[in-house]
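In: just to be clear, the model below is a prediction. Sequence and coordinates:
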Amino acid sequence: MREKLGISQEQLAAKMQILGLDISQRTISRVETGLRVVPDYELSFFACALGVSILWLLGEDENN
């Protein structure tokens, strides 16, 4: 979704920091490459920053 929106990893990290999650571009990269698991408490930050539902992030909602 990040790529579809045309935003960089750094921009996504900045959006999430504004929302209150201390996260770096490197962490976003590690999530995208599967080297880091996303804890449940971070899902809402990812969903909000990307404009999708948590269910979509989990692959259970095709509406977004």
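Out: Nice, thanks for sending it over.

In: okay, CA-based contacts and neighbour counts for the rest of this
Out: OK.

In: name the residues that touch the helix or strand bottoming out on mean pLDDT in the chain?
Out: Sorted by mean pLDDT, DSSP states H and E, the helices and strands of the chain end with helix 54-57, the least confident at a mean of 94. Helix 54-57 is contacted from outside by 43, 44, 47, 61, 62, 63, 64, using CA atoms under 8 Å, 6 or more residues apart in numbering.

In: let's go with 6 Å and repeat that
Out: For helix 54-57, the external contacting residues (CA atoms under 6 Å, 6 or more residues apart in numbering) are 47, 61.

In: make residue 1 into 883 and carry on from there
Out: Right, with 883 as the first residue, what we last looked at is helix 936-939.

In: list the buried residues in it.
Out: For helix 936-939, the neighbour count (16 or more other CA atoms under 10 Å) marks 936, 939 as buried.

In: so who does residue 931 touch?
Out: Contact analysis of residue 931 by CA under 6 Å, 6+ apart lists residue 897.

In: do that again at 10 Å, thanks
Out: The contact partners of residue 931, by CA atoms under 10 Å, 6 or more residues apart in numbering, come to 884, 893, 894, 895, 896, 897, 898, 899, 900, 901, 925.

In: how about residue 935?
Out: 925, 926, 928, 929, 941, 942, 943, 944, 945, 946.

In: which SS state does the residue nearest to the spatial centre of the chain fall under?
Out: Closest to where the C-alpha atoms of the chain average out (CA atoms, centre = their mean) is residue 928, at 3.2 Å. Using DSSP: H, G, I helix; E, B strand; the rest coil, the three-state assignment for residue 928 comes out as helix.

In: how confident was the prediction at it?
Out: Turning to residue 928, the model gives it a pLDDT of 98.

In: right, and it touches residue 900 too?
Out: No: between residue 928 and residue 900 there is no contact under CA atoms under 10 Å: 11.9 Å.
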